[in-house]
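Q: Turn this into a structure:
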Amino acid sequence: MKFAVMGAGAVGCFYGGMLARAGHEVMLIARPQHVEAVQQHGLLLDTQTFTEHVALQASSDPAAVRGTQCVLFCVKSTDTESAATAIAPHLDADAVVLSLQNGVDNAERAQAVLAQTVVPTVVYVATGMAGPGHVKHNGRGELVIGPSLRSEALVAEFARAGVPVQISDNVAGALWVKLIINCAYNALSAITQLPYGRLVQGQGIEAVMRDVVDECLAVAQACGVQVPGDAWGAVQAIARAMATQYSSTAQDLARGKRSEIDYLNGHVVRKGDQLGIPTPANRMLLALVKTLESKQIPKKFEIQQP
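A: Residues are numbered from 1 along each chain as shown. Take a look at the predicted model:
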(Lines give C-alpha, C1' and ligand atoms only; values in the text may rest on other atoms or scores of the structure.)
Protein backbone atom coordinates (compact mmCIF):
# COMPACT_ATOMS: atom_id res chain seq x y z
CA MET A 1 0.00 0.00 0.00
CA LYS A 2 1.21 3.51 -0.77
CA PHE A 3 1.08 5.95 2.15
CA ALA A 4 1.70 9.67 2.51
CA VAL A 5 2.31 11.53 5.76
CA MET A 6 1.03 15.10 5.67
CA GLY A 7 2.85 17.11 8.34
CA ALA A 8 5.63 14.63 9.04
CA GLY A 9 6.86 15.70 12.45
CA ALA A 10 7.67 13.29 15.27
CA VAL A 11 4.39 11.37 15.16
CA GLY A 12 4.17 11.20 11.39
CA CYS A 13 7.81 10.23 10.97
CA PHE A 14 7.47 7.40 13.50
CA TYR A 15 4.47 5.80 11.83
CA GLY A 16 5.72 6.55 8.32
CA GLY A 17 9.08 5.03 9.19
CA MET A 18 7.50 1.89 10.65
CA LEU A 19 5.36 1.43 7.53
CA ALA A 20 8.32 1.99 5.19
CA ARG A 21 10.43 -0.46 7.22
CA ALA A 22 7.71 -3.06 6.59
CA GLY A 23 8.02 -2.56 2.84
CA HIS A 24 5.31 0.00 2.10
CA GLU A 25 5.95 2.94 -0.20
CA VAL A 26 5.85 6.05 1.99
CA MET A 27 6.02 9.74 1.12
CA LEU A 28 6.81 12.16 3.95
CA ILE A 29 5.59 15.72 3.45
CA ALA A 30 7.58 17.82 5.86
CA ARG A 31 9.61 20.98 6.43
CA PRO A 32 12.57 21.50 4.07
CA GLN A 33 15.26 20.70 6.67
CA HIS A 34 13.72 17.29 7.35
CA VAL A 35 13.10 16.63 3.67
CA GLU A 36 16.74 17.32 2.82
CA ALA A 37 18.01 15.04 5.57
CA VAL A 38 15.69 12.20 4.58
CA GLN A 39 16.55 12.53 0.90
CA GLN A 40 20.26 12.34 1.68
CA HIS A 41 20.39 9.73 4.43
CA GLY A 42 16.93 8.22 4.86
CA LEU A 43 14.90 8.57 8.06
CA LEU A 44 16.82 7.71 11.21
CA LEU A 45 14.27 5.70 13.20
CA ASP A 46 15.56 5.52 16.76
CA THR A 47 13.22 3.30 18.80
CA GLN A 48 13.33 1.46 22.10
CA THR A 49 14.13 -1.82 20.34
CA PHE A 50 16.15 -0.86 17.24
CA THR A 51 17.90 2.04 15.51
CA GLU A 52 18.22 2.13 11.74
CA HIS A 53 18.04 4.36 8.67
CA VAL A 54 14.86 3.71 6.70
CA ALA A 55 14.63 4.55 3.00
CA LEU A 56 11.53 6.48 1.98
CA GLN A 57 10.54 9.50 -0.09
CA ALA A 58 10.20 13.06 1.17
CA SER A 59 8.89 16.34 -0.21
CA SER A 60 7.74 19.75 0.97
CA ASP A 61 5.03 19.90 -1.70
CA PRO A 62 1.46 18.92 -0.63
CA ALA A 63 0.92 17.69 -4.19
CA ALA A 64 3.12 14.71 -3.26
CA VAL A 65 0.02 13.03 -1.78
CA ARG A 66 -1.01 12.26 -5.37
CA GLY A 67 -1.34 8.53 -6.04
CA THR A 68 -1.35 7.48 -2.38
CA GLN A 69 -4.05 5.20 -1.01
CA CYS A 70 -3.84 6.40 2.60
CA VAL A 71 -2.75 9.74 4.04
CA LEU A 72 -1.66 10.00 7.66
CA PHE A 73 -2.79 13.54 8.46
CA CYS A 74 -0.46 14.69 11.24
CA VAL A 75 -0.52 18.49 11.11
CA LYS A 76 -1.11 20.65 14.18
CA SER A 77 -4.75 21.33 15.07
CA THR A 78 -4.13 24.98 14.23
CA ASP A 79 -3.37 23.97 10.62
CA THR A 80 -6.16 21.46 9.97
CA GLU A 81 -8.23 23.46 7.48
CA SER A 82 -5.28 24.99 5.63
CA ALA A 83 -3.48 21.63 5.28
CA ALA A 84 -6.65 19.85 4.14
CA THR A 85 -7.20 22.58 1.56
CA ALA A 86 -3.60 22.18 0.35
CA ILE A 87 -3.93 18.44 -0.33
CA ALA A 88 -7.54 18.45 -1.55
CA PRO A 89 -6.81 19.00 -5.28
CA HIS A 90 -4.20 16.22 -5.32
CA LEU A 91 -5.91 13.37 -3.45
CA ASP A 92 -7.11 10.35 -5.38
CA ALA A 93 -10.88 9.94 -5.18
CA ASP A 94 -10.63 6.63 -3.30
CA ALA A 95 -7.91 7.70 -0.86
CA VAL A 96 -8.60 7.50 2.87
CA VAL A 97 -7.30 10.06 5.36
CA LEU A 98 -6.43 9.13 8.95
CA SER A 99 -6.48 12.13 11.29
CA LEU A 100 -3.60 11.41 13.72
CA GLN A 101 -4.05 14.65 15.65
CA ASN A 102 -4.61 15.95 19.15
CA GLY A 103 -8.06 17.27 19.98
CA VAL A 104 -11.51 15.86 19.36
CA ASP A 105 -12.82 17.71 16.30
CA ASN A 106 -10.01 17.61 13.73
CA ALA A 107 -11.47 14.80 11.62
CA GLU A 108 -14.75 16.69 11.44
CA ARG A 109 -12.97 19.90 10.45
CA ALA A 110 -10.89 18.14 7.79
CA GLN A 111 -13.96 16.29 6.48
CA ALA A 112 -15.66 19.64 5.88
CA VAL A 113 -12.88 20.39 3.36
CA LEU A 114 -12.23 16.97 1.81
CA ALA A 115 -14.44 14.74 -0.32
CA GLN A 116 -12.49 11.63 0.72
CA THR A 117 -13.28 9.71 3.90
CA VAL A 118 -11.53 11.13 6.97
CA VAL A 119 -11.19 8.63 9.81
CA PRO A 120 -10.64 9.93 13.37
CA THR A 121 -7.62 8.28 14.95
CA VAL A 122 -6.40 8.28 18.54
CA VAL A 123 -2.61 8.21 18.92
CA TYR A 124 -0.73 6.87 21.92
CA VAL A 125 2.97 7.31 21.25
CA ALA A 126 5.84 9.18 22.89
CA THR A 127 8.13 10.62 20.23
CA GLY A 128 10.27 13.64 19.50
CA MET A 129 12.45 14.93 16.68
CA ALA A 130 16.07 14.62 17.82
CA GLY A 131 17.30 16.45 14.72
CA PRO A 132 16.57 16.79 11.00
CA GLY A 133 15.44 13.41 9.72
CA HIS A 134 15.92 11.80 13.15
CA VAL A 135 12.87 10.64 15.13
CA LYS A 136 13.32 9.37 18.69
CA HIS A 137 10.72 6.93 20.00
CA ASN A 138 10.30 6.96 23.78
CA GLY A 139 7.39 4.59 24.27
CA ARG A 140 4.10 3.01 23.18
CA GLY A 141 2.81 3.35 19.61
CA GLU A 142 -0.74 2.01 19.41
CA LEU A 143 -3.59 3.59 17.45
CA VAL A 144 -7.38 3.55 17.82
CA ILE A 145 -9.35 4.28 14.64
CA GLY A 146 -12.96 4.76 13.76
CA PRO A 147 -14.86 2.30 11.55
CA SER A 148 -14.73 2.77 7.77
CA LEU A 149 -14.73 0.65 4.63
CA ARG A 150 -10.92 0.58 4.75
CA SER A 151 -10.37 0.21 8.48
CA GLU A 152 -10.01 -3.58 8.56
CA ALA A 153 -7.44 -3.52 5.76
CA LEU A 154 -5.51 -0.75 7.48
CA VAL A 155 -5.42 -2.70 10.75
CA ALA A 156 -3.76 -5.57 8.89
CA GLU A 157 -1.21 -3.33 7.14
CA PHE A 158 -0.24 -1.57 10.37
CA ALA A 159 0.01 -4.89 12.19
CA ARG A 160 2.53 -6.10 9.62
CA ALA A 161 4.51 -2.94 10.39
CA GLY A 162 4.51 -3.72 14.12
CA VAL A 163 1.90 -1.09 14.97
CA PRO A 164 -1.15 -2.34 16.93
CA VAL A 165 -4.41 -0.75 15.79
CA GLN A 166 -7.86 -1.17 17.32
CA ILE A 167 -11.15 -0.25 15.62
CA SER A 168 -13.58 1.42 18.02
CA ASP A 169 -17.31 2.00 17.58
CA ASN A 170 -16.96 4.73 20.20
CA VAL A 171 -14.05 6.63 18.71
CA ALA A 172 -15.53 9.90 20.00
CA GLY A 173 -15.19 8.55 23.53
CA ALA A 174 -11.65 7.36 22.81
CA LEU A 175 -10.76 10.80 21.48
CA TRP A 176 -12.08 12.35 24.69
CA VAL A 177 -9.95 9.98 26.79
CA LYS A 178 -6.89 11.21 24.88
CA LEU A 179 -8.08 14.83 25.22
CA ILE A 180 -8.44 14.37 28.98
CA ILE A 181 -4.90 12.98 29.19
CA ASN A 182 -3.61 15.90 27.13
CA CYS A 183 -5.48 18.41 29.27
CA ALA A 184 -4.01 16.87 32.42
CA TYR A 185 -0.40 16.80 31.21
CA ASN A 186 0.31 19.14 28.32
CA ALA A 187 -0.05 22.53 29.93
CA LEU A 188 1.58 21.50 33.21
CA SER A 189 4.53 19.94 31.39
CA ALA A 190 4.86 23.12 29.33
CA ILE A 191 4.66 25.48 32.28
CA THR A 192 7.14 23.51 34.39
CA GLN A 193 9.26 22.20 31.47
CA LEU A 194 9.25 18.79 33.15
CA PRO A 195 8.68 15.29 31.74
CA TYR A 196 5.64 13.40 32.91
CA GLY A 197 7.37 11.17 35.45
CA ARG A 198 8.95 14.08 37.32
CA LEU A 199 5.94 16.33 36.87
CA VAL A 200 3.57 14.10 38.83
CA GLN A 201 5.93 14.10 41.80
CA GLY A 202 5.44 17.85 42.30
CA GLN A 203 3.64 19.03 45.41
CA GLY A 204 -0.06 19.57 44.68
CA ILE A 205 0.25 18.52 41.01
CA GLU A 206 -1.89 15.40 41.35
CA ALA A 207 -4.74 17.42 42.89
CA VAL A 208 -4.61 19.92 40.02
CA MET A 209 -4.64 17.12 37.48
CA ARG A 210 -7.61 15.52 39.21
CA ASP A 211 -9.52 18.82 39.04
CA VAL A 212 -8.74 19.06 35.32
CA VAL A 213 -9.95 15.52 34.70
CA ASP A 214 -13.19 16.05 36.67
CA GLU A 215 -13.98 19.19 34.66
CA CYS A 216 -13.29 17.40 31.38
CA LEU A 217 -15.57 14.51 32.33
CA ALA A 218 -18.37 16.90 33.27
CA VAL A 219 -18.09 18.67 29.91
CA ALA A 220 -17.93 15.40 27.97
CA GLN A 221 -21.04 14.12 29.72
CA ALA A 222 -22.88 17.34 28.91
CA CYS A 223 -21.81 16.93 25.27
CA GLY A 224 -23.40 13.48 25.21
CA VAL A 225 -20.05 11.68 24.92
CA GLN A 226 -19.61 8.34 26.68
CA VAL A 227 -16.04 8.32 27.98
CA PRO A 228 -15.04 4.66 28.29
CA GLY A 229 -13.10 3.12 31.14
CA ASP A 230 -11.40 4.86 34.05
CA ALA A 231 -10.20 8.23 32.76
CA TRP A 232 -8.27 9.06 35.93
CA GLY A 233 -6.60 5.67 35.88
CA ALA A 234 -5.60 6.26 32.24
CA VAL A 235 -4.07 9.60 33.23
CA GLN A 236 -2.09 8.02 36.05
CA ALA A 237 -0.82 5.26 33.75
CA ILE A 238 0.74 7.76 31.34
CA ALA A 239 3.28 8.95 33.91
CA ARG A 240 4.53 5.38 34.21
CA ALA A 241 4.43 4.47 30.53
CA MET A 242 5.90 7.78 29.28
CA ALA A 243 7.94 8.94 32.26
CA THR A 244 10.64 10.72 30.20
CA GLN A 245 8.26 12.30 27.68
CA TYR A 246 7.70 16.05 27.49
CA SER A 247 4.31 17.13 26.16
CA SER A 248 4.04 18.48 22.63
CA THR A 249 2.97 21.79 24.22
CA ALA A 250 6.20 21.87 26.24
CA GLN A 251 8.20 21.19 23.09
CA ASP A 252 6.36 23.92 21.19
CA LEU A 253 6.94 26.53 23.90
CA ALA A 254 10.59 25.57 24.26
CA ARG A 255 11.05 26.23 20.54
CA GLY A 256 9.07 29.47 20.52
CA LYS A 257 6.25 27.94 18.48
CA ARG A 258 2.50 28.29 18.79
CA SER A 259 0.98 25.32 20.62
CA GLU A 260 -2.31 23.45 20.27
CA ILE A 261 -3.55 24.58 23.69
CA ASP A 262 -6.67 26.21 22.19
CA TYR A 263 -7.74 22.75 20.99
CA LEU A 264 -6.94 21.01 24.29
CA ASN A 265 -7.76 22.83 27.55
CA GLY A 266 -9.17 25.64 25.40
CA HIS A 267 -11.72 23.30 23.83
CA VAL A 268 -12.92 22.21 27.28
CA VAL A 269 -13.20 25.82 28.42
CA ARG A 270 -15.20 26.87 25.35
CA LYS A 271 -17.57 23.91 25.62
CA GLY A 272 -17.93 24.51 29.35
CA ASP A 273 -18.88 28.13 28.71
CA GLN A 274 -21.46 27.08 26.12
CA LEU A 275 -22.98 24.49 28.45
CA GLY A 276 -22.76 26.45 31.70
CA ILE A 277 -20.19 24.13 33.29
CA PRO A 278 -17.40 25.76 35.34
CA THR A 279 -13.86 24.83 34.23
CA PRO A 280 -11.57 26.92 36.48
CA ALA A 281 -8.59 24.53 36.44
CA ASN A 282 -8.60 24.21 32.65
CA ARG A 283 -9.13 27.96 32.30
CA MET A 284 -6.12 28.73 34.49
CA LEU A 285 -3.85 26.36 32.55
CA LEU A 286 -5.08 27.81 29.25
CA ALA A 287 -4.39 31.36 30.43
CA LEU A 288 -0.89 30.52 31.65
CA VAL A 289 0.13 28.75 28.43
CA LYS A 290 -1.30 31.57 26.30
CA THR A 291 0.68 34.06 28.37
CA LEU A 292 3.88 32.05 27.90
CA GLU A 293 3.18 31.84 24.16
CA SER A 294 3.02 35.61 23.97
CA LYS A 295 6.59 35.90 25.26
CA GLN A 296 9.60 35.77 23.00
CA ILE A 297 11.21 32.51 24.07
CA PRO A 298 14.91 32.40 23.05
CA LYS A 299 15.40 29.90 20.25
CA LYS A 300 18.62 28.69 21.86
CA PHE A 301 16.59 27.21 24.73
CA GLU A 302 16.35 23.45 24.36
CA ILE A 303 14.59 20.82 26.43
CA GLN A 304 17.15 18.78 28.30
CA GLN A 305 16.20 15.14 28.45
CA PRO A 306 16.71 13.62 31.93
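Q: Listing request: residues of this structure with sub-threshold pLDDT.
A: For the chain, residues meeting the criterion pLDDT under 70 lie at 296-306.
Q: Tell me the helix or strand right after the helix or strand harbouring Ala174.
A: Using DSSP states H and E, the secondary-structure element containing Ala174 is helix 171-192. Toward the C-terminal end, the helix or strand that comes next after helix 171-192 (DSSP H and E) is helix 196-199.
Q: Remind me what that following helix packs against, helices and strands.
A: Counting contacts by 3 or more CB pairs under 8 Å, 6 or more residues apart in numbering; DSSP states H and E, the secondary-structure elements packed against helix 196-199 are helix 171-192, helix 231-241. Placement of C-beta: from N, CA and C, glycine included.
Q: Show the contacting residues for the residue lying closest to Met242 once chain neighbours are set aside.
A: In this structure, Met242 finds its nearest non-sequential neighbour in Ala126, 4.3 Å apart by CB to CB, 6 or more residues apart in numbering. With contact taken as CB atoms under 8 Å, 6 or more residues apart in numbering, Ala126 is in contact with 137-140, 241-242, 244-245.
Q: how close does Ala126 get to Leu19?
A: Between Ala126 and Leu19 the distance is 19 Å, computed by CB to CB, to the nearest Å.
Q: Buried among the contacts of Ala126? Need that as a selection in PyMOL.
A: Selecting only the buried members of those in PyMOL, with burial defined as 16 or more other CB atoms under 10 Å, works like this:
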select buried, resi 137+138+139+140+242+245
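Q: Where helices are concerned, which of the contacts of Ala126 count?
A: Ala241 (DSSP state H).
Q: Return the closest of the contacts of Ala126 with respect to Pro32.
A: His137 (23.4 Å; CB to CB).
Q: What residues are bridge-paired with the closest one?
A: Thr127 (DSSP bridges).
Q: From Glu52, how far out is it?
A: From His137 to Glu52 the distance is 12 Å (CB to CB).
Q: Pop the domain breakdown of this structure in here.
A: The domain map for the chain lists 2-167, 171-293, with the assignment taken from automatic domain parsing.
Q: With that, I have no additional questions.
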